[in-house]
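K.L.:
model the following, please.
(chains A and B)
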Amino acid sequence: MALTTVDHSALKVNQTGIVATVLVAFIGSYFYRPLLVLIPLLAVVLLVGTFAPQLALFKQLYFKVLKPRGIVKPRPVQDRPEPHNFAQGLGGVFLVISSVFLLPVPVIGLALALLVAVLAFVNLAFGYCLGCQIYFQLGKRGLIRAS
Amino acid sequence: MNTQLWALAAAGTVVLAAAGLEVLRSARARRLAAGTTLAAAAEPYILYFTGDNCTVCRTHQEPALAKLGSVRVDKVDAVAERELADRFHVYTLPTTVVMTADGRALHVNYGYAPANKLDRQLAEARGGLTLEQTATA
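P.N.:
Down below sits the predicted model:
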């Protein structure tokens, strides 16, 4: 499958958005519990963005606001978007599970949301994408068409 | 605050457990792959497992390999050449294997390996100096 150009700045803005939203929900919910609603909202944003990238909120923030104004510089890399979309979708699924637990068992709900934020941070800071590694493993086992 | 603290503790425990498992998995794979043999070559070389989906390979590993200069690097698509990848227990990309001239796997690096690390491992495979030491000698 041919490589295309993926703007890694858009991915970084997306990861920053995930980390920031979860942290606001996590810390903010101590003072104002309804802020927990940010977690299911983030799940929706991630899942919608996975299936319709033109609706990915944080990426659109980058393409429509941050990039044109020169706030964040583009970083195009020869890459494939599929593993990154898969990772984002996986994050969305985990946040859906987290949302289900938020009301009955908030500790589990918050812990799952924190794990998503930690993985997004690891990707942002160190470039290690766990979702992409899972995508590679699934491709290697022929469960998805990975190359 | 109790809820937040317990959630933090639970997430922290999962992260630590995952990191511990990763260390064990990597050590086990390294132990199983070490000593695997391929055809002999004139000089030590690097077997570089990569794939279309590997971003770190393009952004970090390939620039690091380029810094090694004239060292032979055999690029292998880990998905297309699954049998070879399995022989070296490749579970993550990139994976680099430093091969001795007699075709024996001396060092296996799962994940990104910086140029200076590969250089040291190649020097060990040569039984001599690193590129850096050669340049300053």
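K.L.:
longest helix of chain A?
P.N.:
Selection of the longest helix in chain A by residue count, based on DSSP state H, yields helix A:8-31.
K.L.:
please list the residues of chain A that sit near chain B.
P.N.:
A:1, A:3, A:6, A:8, A:26-27, A:29-30, A:77-80, A:82-84, A:106-112, A:114-115, A:118, A:127-129, A:132-133, A:135-137, A:139-140, A:146-147 (Cβ under 8 Å from any Cβ of the partner chain). All C-beta spots, glycine's among them, are computed from the backbone N, C-alpha and C.
K.L.:
related to what we said a few turns ago, buried set for the longest helix of chain A?
P.N.:
When burial is assessed from 16 or more other Cβ atoms under 10 Å in any protein chain shown, helix A:8-31 yields the following buried residues: A:8-19, A:21-22, A:25-26, A:29.
K.L.:
and what of stretch A:119-136?
P.N.:
Counting neighbours by 16+ other Cβ under 10 Å, one finds that the buried residues in stretch A:119-136 are A:119-121, A:123-124, A:127-133, A:135-136.
K.L.:
so which pair among those residues is furthest apart in space?
P.N.:
Spatially, the most separated pair among the buried residues of stretch A:119-136 is A:121 and A:136, at 20.9 Å (Cβ to Cβ).
K.L.:
residue in chain B with the shortest distance to chain A?
P.N.:
For chain B and chain A, the shortest gap (Cβ to the nearest Cβ) falls at residue B:7, measuring 3.4 Å.
K.L.:
which residue ranges of chain B form helices?
P.N.:
For chain B, applying DSSP H gives helices covering B:2-33, B:55-56, B:62-66, B:82-87, B:115-126, B:131-136.
K.L.:
quick check: which of these is buried the most?
P.N.:
Burial among the helices of chain B, expressed as mean neighbours by mean count of other Cβ atoms under 10 Å in any protein chain shown, is greatest for helix B:55-56, which shows a mean of 21.
K.L.:
what residues are up against residue A:19?
P.N.:
With contacts taken as Cβ atoms under 8 Å, 6 or more residues apart in numbering or on different chains, residue A:19 has the following neighbours: A:117, A:120, A:121, A:124.
K.L.:
same question but for residue B:100, I mixed them up
P.N.:
Applying Cβ under 8 Å, 6+ apart, the residues contacting residue B:100 are B:44, B:106, B:125.
K.L.:
can you check residue A:28 too?
P.N.:
For residue A:28, the contacting residues are A:35, A:38, taking Cβ under 8 Å, 6+ apart as the criterion.
K.L.:
spatially central residue in chain A, please.
P.N.:
With the centre of chain A defined as its mean C-alpha position, the nearest residue by Cα atoms, centre = their mean is residue A:88, 4.2 Å away.
K.L.:
I'd assumed residue A:14 was in contact with that residue.
P.N.:
Yes. Using Cβ atoms under 8 Å as the test, residue A:88 is close enough to residue A:14 to be in contact (7.0 Å).
K.L.:
common neighbours of these two, please.
P.N.:
Common neighbours of residue A:88 and residue A:14, using Cβ under 8 Å, 6+ apart, are A:49, A:56.
K.L.:
what about the residue in chain A that chain B sits nearest to, distance to residue A:126?
P.N.:
Each residue of chain A has a distance to chain B, by Cβ to the nearest Cβ, and the smallest belongs to residue A:110, at 3.4 Å. Using Cβ to Cβ, to the nearest Å, one gets 24 Å for the distance from residue A:110 to residue A:126.
K.L.:
not counting sequence-adjacent ones, nearest residue to the residue most central in space within chain B?
P.N.:
Per Cα atoms, centre = their mean, the C-alpha nearest to the average position across chain B is that of residue B:109, at 2.2 Å. Beyond its immediate neighbours in the sequence, the residue positioned closest to residue B:109 (Cβ to Cβ, 6 or more residues apart in numbering or on different chains) is residue B:96, lying 4.6 Å away.
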